[in-house]
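Trainee: this one's sequence-less:
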């Protein structure tokens, strides 16, 4: 019998999917410090971090059981993204409930959304949206990626884009139009929500 500790993450995932339940323990043990540290760094509350950590691996196990994990060699990135989404969900719930922080004072007059500047939840949601948009852009044809990058990341006009890429303004506008159509299609296909609540 081989030692599970020397297997790669994806080999352990396959073993778990094929019924070897001990392999998930090896995966959790292998990545628990990194995942927990990541969560704690953001939420800054040990009890909350432990809850989100547990929820993360419950979701990992369920996703593996229902075949929602696609092998891409980046198991830990997938797990961290699940924890990131759970953190965002937590902050969204707190925001809806009118809670800004988890400090012990229930009657603190400053513990109110109207006194908070951009909070960590807003930053996390925006970072997640920007990350997902960048990932979606990578799936577009190269000419469409180029026009989006030049327009939205470099701030160039369509005339400048046309000149730099040796195409007409209409062609540059057309590439942007198709890029936006394709992005909307990808968002629908992947069932993403790219808005702040």
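Mentor: It's in. Everything quoted here is computed from the prediction, not taken from an experiment.
Trainee: what are the buried residues along the helix or strand of the chain with the lowest mean pLDDT?
Mentor: The helix or strand of the chain with the poorest confidence is helix 120-137; it has a mean of 77 (mean pLDDT, DSSP states H and E). Buried positions in helix 120-137, judged by neighbour count with 16 or more other Cβ atoms under 10 Å: 120, 121, 124, 125, 128, 132, 136, 137. The C-beta positions use only the backbone N, C-alpha and C, and glycine is treated the same way.
Trainee: heading C-terminal from that helix, find the next helix or strand.
Mentor: Sequence-wise, the next helix or strand downstream of helix 120-137 (DSSP states H and E) is helix 142-148.
Trainee: model confidence over whatever helix or strand comes next after that following helix, on average?
Mentor: Sequence order places helix 158-165 as the next helix or strand after helix 142-148, per DSSP H and E. The average of the pLDDT scores along helix 158-165 is 86.
Trainee: flag every buried residue along helix 158-165.
Mentor: Using 16+ other Cβ under 10 Å as the test for burial, helix 158-165 gives 158, 161, 162.
Trainee: over to stretch 85-96?
Mentor: 86, 87, 88, 90, 91, 94, 95.
Trainee: and the residues you listed as TSV, adding pLDDT?
Mentor: Output for those, formatted as TSV (pLDDT from 0 to 100):
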residue	pLDDT
86	90
87	87
88	86
90	86
91	84
94	78
95	74
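Trainee: quick check: the gap between residue 13 and residue 149.
Mentor: Relative to residue 149, residue 13 is positioned 34 Å away (criterion: Cβ to Cβ, to the nearest Å).
Trainee: more neighbours: these two, which one.
Mentor: residue 13 (20 against 14; other Cβ atoms under 10 Å).
Trainee: correct me, but that one touches residue 68?
Mentor: No. The pair residue 13 / residue 68 is not scored as a contact, 11.7 Å apart, by Cβ atoms under 8 Å.
Trainee: tell me the confidence at residue 73?
Mentor: You'll see residue 73 listed with a pLDDT of 64.
Trainee: next one: residue 55
Mentor: Residue 55 is given a pLDDT of 93.
Trainee: relative to residue 63, how far out is residue 120?
Mentor: Look at residue 120 and residue 63: by Cβ to Cβ, they are 26 Å apart.
Trainee: what residues are up against residue 32?
Mentor: Residues near residue 32 by Cβ atoms under 8 Å, 6 or more residues apart in numbering: residue 53.
Trainee: from residue 74, how far off is it?
Mentor: Taking Cβ to Cβ as the measure, residue 32 falls 18 Å from residue 74.
Trainee: please apply the same query to residue 83.
Mentor: Distance from residue 83 to residue 74, counting by Cβ to Cβ: 14 Å.
Trainee: so for the two, which residue has more residues nearby?
Mentor: Neighbour comparison, residue 83 and residue 74: the larger count goes to residue 83, with 23 against 12 (by other Cβ under 10 Å).
Trainee: secondary structure class for that one?
Mentor: Counting by DSSP: H, G, I helix; E, B strand; the rest coil, the backbone at residue 83 sits in helix.
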